[in-house]
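**Student:** fold the following and give me the result.
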Amino acid sequence: MPAWKKYQVTEVMPAAPSYLPALPVNHKMLPPPFATAFKKEIEFEHHKIYAVQDVYVSWDGAVFKNLQIFTPSLVKPEFRGRFQDTFLLRQWFGEVVTLPEAEPGIAVAHNQWSAENYYHWMVDTLPRLLILRNKYPNYLLLVPQPLPPKQFPDYIQKSASVFGFTKYYPLTTNQILKAEHLVLAELTAESLFQNPELMQRVRAELIAALCPEKTTPTRRIYASRATQSVRRLVNEADIEELLQAYGFETVFFEQLSFLEQVQLMRETKIFMGTHGANMTNLMFLPHESTIIELLNKEDGDLCYFRLASCFSLPYFCVPCESTDSNLSNQADLRVDLEELKQIISTVLK
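**Tutor:** Numbering: from 1, shown residues only. Below is the predicted model:
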């Protein structure tokens with residue numbers, strides 16, 4: 001198929017300067033090969049909004065027409081293979097829905113990762129809403145709608161409304177939306193490398209809208225993944241016993257509403273957890289709080305380290321042993337209790 005030609009591009013944000021995130025407080029204590037990864041400098045490109053006409057879009061933000069995917073709607077160009085073959089035929093043979101005639105158009109700010117993941121919604125989608133709201137405040141916002149028995153995540157509507165998007169168009173995995181006018185905000189940064197300026201604005205507006213009361217953080221919170229299927233701690237019982245001695249509370253964020261999670265973080269002095277979407281909540285911590293992340297030292301993703309740096313929050317890393325190197329970043333982990341005890345003692349001092 002020929003390249004896409006009928007679309008408009010608006011340059012809305014110049015490239016941010018490259019920067020090096022602040023290193024973990026215990027950087028000198030980390031194994032040398034592992035410690036080197038924290039020194040990667042982050043670079044940014046300019047940011048655009050695309051306006052396209054007479055197209056189709058799926059529940060996870062993939063825009064297409066006439067057997068061709070609009071590449072800027074994908075997480076990465078290599079995701080193109082996921083939308084080949086029968087997916088592209090859904091323009092003609094799928095469950096096609098349309099917008100009410102009175103609506104001017106549809107805004108798309110999420111992608112294949114942020115459709116079902118808390119971290120990617122908060123870090124990838126919300127900065128894009130900051131970009132969209134000034135130019136397209138009256139557009140409906142496309143949101144992913146899970147099919148029963150799954151429930152609609154409350155964080156999607158509550159967070160989107162903070163940035164002025166109160167009218168939504170939920171789309172299920174079975175549906176394809178035919179849109180005469182669609183605007184698509186480009187990712188403001190590579191998904192796992194956040195833009196500090198935009199993340200600070202996102203954080204400030206969410207806190208001001210959801211939990212503006214000034215509090216003195218005192219609580220010590222451990223976010224457990226014991227009920228999850230990946231990245232669990234094989235010596236969780238020993239860890240909880242140790243943490244109780246230091247006054248930590250064990251919390252399962254999946255049992256709390258979005259607002260309850262924000263309120264809890266505003267009361268938290270020390271926040272500790274295993275790498276996973278729960279750690280996204282560090283963005284709501286007061287500035288005097290500290291973060292401890294339990295991270296796979298063989299294949300650890302540093303996105304929460306970078307997120308902590310966006311807010312100038314002190315960050316400690318506990319390198320953990322993987323129980324299965326074949327599972328890479330999804331493997332269960334074993335924590336060195338003596339090392340954890342040493343880091344907690346350092347934080348308390």
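**Student:** direction included, what does the helix or strand Glu321 falls within pair up with?
**Tutor:** Here Glu321, judged by DSSP states H and E, is contained in strand 315-322. Using DSSP bridges, the strands paired with strand 315-322 are strand 290-296 (parallel), strand 333-334 (antiparallel).
**Student:** off-centre distance for the next helix-or-strand element following the first one?
**Tutor:** Stepping forward along the backbone from strand 290-296, the first helix or strand reached (DSSP H and E) is helix 303-310. A distance of 12 Å separates the centroid of the chain from that of helix 303-310, by CA atoms, centre = their mean, to the nearest Å.
**Student:** which neighbouring elements make contact with helix 303-310?
**Tutor:** helix 196-210, strand 290-296, strand 315-322 (3 or more CB pairs under 8 Å, 6 or more residues apart in numbering; DSSP states H and E). Backbone N, C-alpha and C define where each C-beta goes, glycine included.
**Student:** ranges for the strands of the stretch 101-250 of the chain?
**Tutor:** 106-108, 140-144, 168-171, 175-185, 219-223, 248-251 (DSSP state E, counting those that start in this stretch).
**Student:** what about Tyr222, distance to Ala245?
**Tutor:** Using CB to CB, to the nearest Å, Tyr222 is found at 12 Å from Ala245.
**Student:** just the strands paired with strand 315-322: most buried one?
**Tutor:** Comparing these by mean neighbour count (mean count of other CB atoms under 10 Å), strand 290-296 ranks first with a mean of 24.
**Student:** between strand 219-223 and it, find me the angle.
**Tutor:** If you take axes from the mean of the first three to the mean of the last three CA atoms, to 10 degrees, strand 290-296 sits at 20 degrees to strand 219-223.
**Student:** I'd like the average pLDDT over strand 290-296.
**Tutor:** What strand 290-296 shows for mean pLDDT is 96.
**Student:** what about Phe87, how many residues close to it?
**Tutor:** Applying other CB atoms under 10 Å, we find 16 residues neighbouring Phe87.
**Student:** same deal with Ala245?
**Tutor:** Applying other CB under 10 Å, we find 10 residues neighbouring Ala245.
**Student:** likewise Glu241?
**Tutor:** Close neighbours of Glu241, defined as other CB under 10 Å, add up to 11.
**Student:** and for Leu140?
**Tutor:** Residues contacting Leu140 under the criterion other CB under 10 Å number 19.
**Student:** quick one: which helix or strand includes Phe271?
**Tutor:** According to DSSP H and E, Phe271 maps onto strand 268-274.
**Student:** report the buried residues of that strand.
**Tutor:** Residues Thr268, Lys269, Ile270, Phe271, Met272, Gly273, Thr274 are the ones in strand 268-274 that count as buried (16 or more other CB atoms under 10 Å).
**Student:** list the contacts for the first one?
**Tutor:** Residues in contact with Thr268 (CB atoms under 8 Å, 6 or more residues apart in numbering) are Pro217, Arg219, Arg220, Ile221, Leu285, Pro286, Ser289.
**Student:** try the third one
**Tutor:** Contacts of Ile270 were listed using CB under 8 Å, 6+ apart, and they are Arg220, Ile221, Phe248, Ser289, Thr290, Ile291, Ile292, Val347.
**Student:** run through the bridge partners of the second one.
**Tutor:** It stands for Ile221. Taking DSSP bridges as the rule, Ile221 bridges to Glu249, Phe271.
**Student:** any idea how far it is from Phe311?
**Tutor:** Per CB to CB, Ile221 is found 17 Å from Phe311.
**Student:** these two: which is more packed in?
**Tutor:** Using other CB under 10 Å, the more surrounded residue of Ile221 and Phe311 is Ile221, with 24 against 20.
**Student:** could you double-check that the more buried one lies in contact with Glu249?
**Tutor:** Yes - using CB atoms under 8 Å as the test, Ile221 is close enough to Glu249 to be in contact (5.7 Å).
**Student:** quick check: angle from the lowest-mean-pLDDT helix or strand in the chain to strand 175-185?
**Tutor:** In the chain, no helix or strand scores lower on mean pLDDT, DSSP states H and E than strand 7-13, which sits at a mean of 81. Orientation note: strand 7-13 sits at an angle of 50 degrees relative to strand 175-185 (the same axes, to 10 degrees).
**Student:** contact partners of the following helix or strand past strand 7-13?
**Tutor:** Going down the chain from strand 7-13, the next helix or strand is helix 32-36, by DSSP H and E. Applying CB under 8 Å, 6+ apart, the external contacts of helix 32-36 come out as His27, Lys28, Lys297, Gly300, Pro319.
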